[in-house]
Structures are given as C-alpha cells and as structure tokens.
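Engineer: the following comprises the amino acid sequence and a computationally predicted model.
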Amino acid sequence: MLWSIAPEMPTSLFPLWRKAMRIGSFSLLRPTLTERQFHNVLKKWRADIFKVDANLRWGDGGLESVSVMSLKATVNSDEIIERLGFPYGESQGDASLAGAVYGVYRYDELVDTYTTDKNGYILTDYYVCGEGWNIREITPSEGYLLDESVYWLDVEPGQYTVEKNTEELDVYEEIIYGGFHLIKHKDNGDTQIETEELGAEFEVYLKFAGSYENAKETERG
C-alpha cells in the first residue's frame with residue numbers, strides 16, 4: 001500500500017499521517033479554501049448650513065421662535081425655506097443674508113471657504129470623517145456682526161453607518177443696530193431761539209418696511 005502527500009500539506013499534519021501509516025489506513029482530505037474580498041470605504045460628511053437672524057429666530061420683541069426641523073440637503077434653498085418657513089431666509093431692514101463667507105477648518109487649518117446665497121444657505125463638499133472639523137464665519141454679510149463662534153462638528157466615522165452623510169447646522173447672526181436723537185422745536189423766526197415742543201409723538205420705522213404697521217417689532221423705534 002502506498003500513500004502520498006500533496007506538497008502543500010501543512011507540516012502540522014505529518015504526525016497524524018505517520019500514525020495512520022502504522023495502523024494501516026489513511027485518508028487525507030485536502031482543505032477547501034474560501035475566497036473573501038473586503039472593501040474599506042472611507043466615510044464622508046458634508047455640512048448643510050443656514051445663516052439665521054438671531055433676533056428673528058429667538059423671538060425678540062414678541063416674535064415666536066420656530067421648532068427645529070430636519071433639513072433635506074439640496075442646492076435649491078428656495079424650496080428649503082418654503083418648507084421650513086419663518087425665520088429661514090428672513091433678514092431685517094437693509095441687512096442681507098447673502099455674501100457671508102464661512103470656512104471649513106480641520107482644527108485651526110482652513111480647508112475650504114463657502115459663501116452664503118440670498119437665503120443664507122450653504123451646502124459644502126464632502127470631507128473624510130474624523131476629529132477636529134469645525135465651521136467658522138470669516139466675513140459677515142452686510143448689516144450683521146461677525147459671528148466669532150467656532151461650530152465643532154461631531155463627524156467621527158463611528159457616528160455613521162453609510163458612506164456619505166450630511167450634518168445640518170444653523171448659525172445665528174446678530175444684526176447691527178443704529179440709533180438717532182430727535183428734537184422737535186418751534187420757532188417763528190422772531191426770537192432766534194429754538195424752543196422745544198413738548199408732547200409730540202412720532203412713529204419710527206425702517207423705510208424698507210413701507211409703513212409702521214407693516215414693520216416688524218425689531219424694525220420699529
């Protein structure tokens with residue numbers, strides 16, 4: 001009786017082979033190999049950002065605040081604000097939500113910049129998930145103060161189960177206020193002395209609103 005071993009037979013099987021020869025019987029089963037392929041896919045994130053007037057958002061002057069709603073990522077911001085409603089896309093007076101420049105940072109390193117559209121909306125590109133990502137305003141839009149907040153993003157890979165993911169973020173802006181001093185006086189030109197007129201009342205509002213009645217609380221004096 002003659003036995004043979006395949007050249008690729010593991011050396012760990014030699015003792016069993018020798019034992020089988022001594023007892024006169026032996027069978028060798030060639031192991032079956034199963035092929036498996038693994039694909040490592042990097043998870044990515046992008047930011048869906050709305051610049052919102054803070055006074056309108058939080059109800060300054062009796063205005064009601066809105067509940068947080070899920071934003072559907074799209075490049076058409078008109079459709080988004082139509083769905084979300086007030087105060088998204090709303091500004092005060094001559095202030096504008098358009099033209100604010102925001103930066104995407106990895107820790108303190110600027111990676112990309114984006115500019116808000118007329119509704120204060122930005123949709124960024126995709127970036128690889130990880131630590132240290134944050135959003136900062138670089139240049140405010142007309143009529144608003146610079147927002148010095150750093151908006152840190154929790155976009156580590158363990159947060160997601162799919163390849164491409166969207167983070168929704170509202171950033172709140174403080175409008176720039178101005179003031180004036182008004183004195184009404186009466187003078188017939190004879191005394192050459194300006195005499196204050198007491199008891200006069202004025203309705204003060206932003207010209208942009210069209211009338212005192214149409215003006216928002218924050219647009220009235």
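Structural biologist: Nice, I can see it. Not measured: the values here are computed from a predicted model. Residues are numbered from 1 along each chain as shown.
Engineer: point out where the protein drops to low pLDDT.
Structural biologist: 1-40, 57-75, 186-194, 208, 218, 221 (pLDDT under 70).
Engineer: all helices for it, in order.
Structural biologist: Here the chain has its helices, by DSSP state H, at 14-23, 54-58, 77-84.
Engineer: quick one, what contacts Ile183?
Structural biologist: Residues counted as contacts of Ile183 (C-beta atoms under 8 Å, 6 or more residues apart in numbering) are Glu196. Backbone N, C-alpha and C define where each C-beta goes, glycine included.
Engineer: what's the closest non-adjacent residue to Ala47?
Structural biologist: Leaving aside its sequence neighbours, Ala47 sits nearest to Thr124 (C-beta to C-beta, 6 or more residues apart in numbering; 4.6 Å).
Engineer: so how far is Ala200 from that neighbour?
Structural biologist: Separation of Thr124 from Ala200 (C-beta to C-beta, to the nearest Å): 53 Å.
Engineer: likewise for Gly130?
Structural biologist: The gap separating Gly130 from Ala200 is 64 Å, by C-beta to C-beta.
Engineer: ok, Tyr177 - how many residues close by?
Structural biologist: 11 (other C-beta atoms under 10 Å).
Engineer: next up, phi/psi of it, please.
Structural biologist: Taking degrees, to the nearest 10, you get phi -100, psi 150 for the backbone angles of Tyr177.
Engineer: and what of the one 3 residues further on?
Structural biologist: Here the main-chain torsion angles of Phe180 (degrees, to the nearest 10) amount to phi -150, psi 160.
Engineer: give me every residue that touches it.
Structural biologist: Contact partners of Phe180, counting by C-beta under 8 Å, 6+ apart, are absent.
Engineer: so it versus Glu213, what's the distance?
Structural biologist: Here Phe180 is placed at a distance of 21 Å from Glu213 (C-beta to C-beta).
Engineer: contacts only, for the residue nearest to Tyr121 when sequence neighbours are not counted.
Structural biologist: Excluding its sequence neighbours, the residue lying closest to Tyr121 (C-beta to C-beta, 6+ apart) is Ser77, at 3.6 Å. Contacts for Ser77 (C-beta under 8 Å, 6+ apart) come out as Gly89, Asp117, Lys118, Asn119, Tyr121.
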